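Asker: coords below, sequence missing:
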């Protein structure tokens, strides 16, 4: 089967999840990937949604963060203050799975304003939602984002959610307890923070993608890992599961 | 019907409640009085128990603050943190209905230690429970207590729950928002804080009680209101209701 | 005791020009019909508060009811931007819109503080982000026991909170279930409150996962079946995903929006 | 994932000498059987934490398991005093007992802070009372927005929390209903946790008013029918009021208590 770049991204993101990980799931790409993982290799994943559901097991993609199916299939439904205070804040969640409008070379996320200044932005985005505290408190953060030189920037216009700040050690200095973004998955490849500098470096490219393509879609002078791997292409099973999930959601 | 002093006390305390008042009910005498009121002249009283019940409507006296009947007959059952934080603390409760081991001339309550010092007390009492914040946050506090020169003292050995401190204005100075104890009902009579000094003065005596008796059971130089009233004796209906309630609770 | 009245009466008596108003609902149980009634009654200069302003806030903003928005995520969920919101922020149309921007954790805790009668709440939040540089209501606070620095946000105490729920009984006790969002806190934090409900029933039979707001904690109740449309009321209705998608074109264009506004203003209130 | 084990295994693996241990339950669902197992296993130097220490804490204190008690109301509810507790405080028998004394609101908020990963909680509490003069864990704190002074208490984070619940499923998800006390917060605040349950079932069918603690938030589950006696488990048992009354005579006398203790130590654990 042939596949689209978006399908490769969703499948690569799904593969990053495993076992009984507790995943705080943002809506959109993260939710697609997390549900795909649960439907394929990681049936025991615990999906937590900020609308107040612990252990949701939807059989289709939720249309919104508050889709009724998330509540109906959850182990527990709790209030929104409780999900943030009792479950996210103390570090009970393994992976925060976020999207981004802009992401920078140190994994900082912007979903607030692009261009101009804050009070007179060129583009007004939806804002923070749950992301700042998800990025702060989950043990790790995975970001899934469509890559372009506009979304993958040297420095975000506004730090909505803190990644690695200006480099290694910033999180520790600020007292943030989670490890921050440890994995970024795009439609072109996979990026991880350099262990020395925390700068995002290319570690894997998806099938058919060239390094030039990746560089062209990166707004900074991209470094690569010593050996850049190749993402294994989607299996027939993965693709079928993803398409079935999307079909069930229409 | 003849009646006991305890019955007069419970009935006098019940009469103090009316209408749709929200009453935070301590166990023991306050609970007896509040339930009697609900069964007689004030069927719409809202009884709140610190075990986390709003609007309990028990048909017998609860054996403890956590008697199952309180939950089964409540409008809502909530957690203990919630009852204190969302319902008591913001001032949603009209009357805090408390007992006391020791009560002083300014309505301060001691349920912690008697005699000796805190670390080597003569008598170790159960402690604060919910009372300090009930006394702080309810719009008014009614205290119901068996009176003796040991329980009715000039100055409590330990301020577990703040009444009027050392006199008028202390509550305002401390930023307490409720009015504090506005009514004290004993087996001998009824006391209210003097509007000028906040010292408890005798305003009513129960039937058959003499002023000498009251003075003998008061550990300070008791003042009386300009006119001391007489509590109307229990009606047949009140006594029957009280006894039925107690009977149902055996 | 909550008084059971019509929606028009409730909005007329509870919401005044210049009020701080929260219409809460986290995707589920959004009190849209109440928002439309606020538009019909022509309220002005409102400070609108909500964690997730979506279509109904886009409508209120486009109708010129608001002078300020306090929020943590503003968008058309699953669809895209709120164009009336963007037009107000970026072009002051139809009137300028001031914003006060938080995160969900911050907003949720602001309601918790408000419901708890406290002036502020403490959380591990905002650290390292640019939000404190643009939002005055985010400050550091130090733990008096450990010396650790955390973040404080002030309580939210709206003049009026409006929520939608499944049911109320004739005494005005309110029952809701499914995703509960921050509705209980928003009602308890407010000076006055309105709950629109799918139906008024004789008795609130127990429902797993349901909470009850006692009548004495609510100011008014109005029976407004379907009052959460295009969001949903679990057990009563499904989310109208097509409406959310269709709103994009309406909200994007000032003239389309003006047509929509004319229709809403002519509707007979529930 | 909560592991389902026997009570003896659970206590053996989770509770060590010197631990801070909370056995929570607000009249309802008191984990008495677990307390008896702690006595049987001869734990020492425990810091016992509980809002309402009653008979089971009297027993643990009388058995010499505790060096400190953190609490807000200690008594035999509806009956009178805890004589073993008084004997320990007043005569250091069988060992001295240090106390740290709070109000219910303070203790509840300390658990809330613990469950929330915060070092402290803020409340309107203790003002004007003598408690701050004898309890070091009560301090003033100032609102950074209004300047108002409030009270702070530090988080409680027990090494182990034990609660009793109605049911668990075979995956270790726990369901409880009726009066919920502070049990959820006490479990979430703890480093490790044990839930004793009336029964382990195949499926947790929904129950109005019930909450669920997911398996991954609990360390171990043990099936202990009647494990809350003499308190009760709503839907399973009634409170044994006669036992509470009978305890008074046993607890009052060191020799009677010694007899009781001998019996408990000889019991085969559940």
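Answerer: Thanks, I have it. Just so we're clear, the structure is a prediction, and the values are computed from it rather than from any experiment. Numbers count the residues shown, from 1 in each chain, chains lettered A, B, ... in the order given.
Asker: Now do the same contact list for the residue nearest to residue C:32 when sequence neighbours are not counted.
Answerer: Here the nearest residue to residue C:32 in space, its sequence neighbours aside, is residue C:56; by C-beta to C-beta, 6 or more residues apart in numbering or on different chains that works out to 4.5 Å. Glycine gets a C-beta too; all of them are placed from N, C-alpha and C. Residue C:56 makes contact with C:23, C:30-32, C:35-36 under the criterion C-beta atoms under 8 Å, 6 or more residues apart in numbering or on different chains.
Asker: ok, now with 10 Å
Answerer: Neighbouring residues of residue C:56 by C-beta atoms under 10 Å, 6 or more residues apart in numbering or on different chains: C:23, C:25, C:30-36, C:38-39, C:48, C:50, C:228, C:230-231.
Asker: Within the helices and strands, which one has it?
Answerer: Assigned by DSSP states H and E, residue C:56 falls within helix C:55-62.
Asker: At the contact with chain B, which residues of the stretch 151-270 of chain C appear?
Answerer: C:157, C:169, C:171, C:173, C:175, C:184-185, C:188-189, C:204, C:210-217 (C-beta under 10 Å from any C-beta of the partner chain).
Asker: Where does the residue lying closest to residue C:62 once chain neighbours are set aside fall, secondary structure wise?
Answerer: Spatially, and ignoring its direct neighbours in sequence, residue C:62 is nearest to residue C:84 (3.4 Å; C-beta to C-beta, 6+ apart). Residue C:84 belongs to helix C:83-91 when assigned by DSSP H and E.
Asker: Pull out the buried residues from that helix.
Answerer: Of the residues in helix C:83-91, C:83-90 count as buried by neighbour count, 16 or more other C-beta atoms under 10 Å in any protein chain shown.
Asker: following the helix holding residue C:56, which helix or strand comes up?
Answerer: Tracing the chain C-terminally past helix C:55-62 and defining elements by DSSP H and E, one meets strand C:66-71 next.
Asker: What pairs with that next one, parallel or antiparallel?
Answerer: Using DSSP bridges, the strands paired with strand C:66-71 in its sheet are strand C:46-50 (parallel), strand C:98-101 (parallel).
Asker: Packed most tightly, which of those would that be?
Answerer: Counting by mean count of other C-beta atoms under 10 Å in any protein chain shown, strand C:46-50 has the highest mean neighbour count of the strands paired with strand C:66-71, with a mean of 25.
Asker: now the helices for the chain?
Answerer: In the absence of a named chain, chain A is used. Along chain A, the stretches classed as helices by DSSP state H are A:5-15, A:29-39, A:68-72, A:80-82, A:131-137, A:170-174, A:211-216, A:236-248.
Asker: um, chain C though
Answerer: Counting by DSSP H, one finds helices in chain C at the ranges C:7-14, C:32-40, C:55-62, C:83-91, C:104-115, C:131-134, C:183-189, C:241-252, C:254-266.
Asker: tell me what the fourth one is packed against?
Answerer: Same thing as helix C:83-91. In terms of contacts (3 or more C-beta pairs under 10 Å, 6 or more residues apart in numbering or on different chains; DSSP states H and E), helix C:83-91 is packed against strand A:113-117, strand A:120-124, helix C:55-62, strand C:66-71, strand C:98-101, helix C:241-252, helix C:254-266.
Asker: now with 6 Å?
Answerer: If contacts are counted by 3 or more C-beta pairs under 6 Å, 6 or more residues apart in numbering or on different chains; DSSP states H and E, helix C:83-91 sits against helix C:55-62, helix C:241-252.
Asker: nearest residue to residue 82 other than its sequence neighbours?
Answerer: I'll assume chain A. Ranked by C-beta to C-beta, 6+ apart and with sequence neighbours excluded, the top spatial neighbour of residue A:82 is residue A:52, at 6.9 Å.
Asker: To clarify, I was referring to chain C.
Answerer: Ranked by C-beta to C-beta, 6+ apart and with sequence neighbours excluded, the top spatial neighbour of residue C:82 is residue C:58, at 4.2 Å.
Asker: how many other residues sit next to that neighbour?
Answerer: Other residues lying near residue C:58 total 26 when counted by other C-beta atoms under 10 Å in any protein chain shown.
Asker: how near is the most centrally placed residue in chain A to chain C?
Answerer: With the centre of chain A defined as its mean C-alpha position, the nearest residue by C-alpha atoms, centre = their mean is residue A:143, 2.6 Å away. Remark: distance between residue A:143 and chain C (C-beta to the nearest C-beta, to the nearest Å) = 15 Å.
Asker: Who are the contact partners of the residue of the stretch 101-250 of chain C at minimum distance from chain B?
Answerer: Nearest residue of the stretch 101-250 of chain C to chain B, counting by C-beta to the nearest C-beta: residue C:117, 3.0 Å away. Applying C-beta atoms under 6 Å, 6 or more residues apart in numbering or on different chains, one finds that residue C:117 lies in contact with B:89-90.
Asker: For it, give me phi and psi.
Answerer: Here is the backbone geometry of residue C:117 (degrees, to the nearest 10): phi 70, psi 30.
Asker: And for residue C:52?
Answerer: Comment: the main-chain dihedrals of residue C:52 come out as phi -130, psi 70, following degrees, to the nearest 10.
Asker: Give me the nearest residue to it, chain neighbours excluded.
Answerer: By the measure of C-beta to C-beta, 6+ apart, the closest residue to residue C:52 outside its immediate chain neighbours is residue C:73, 5.1 Å from it.
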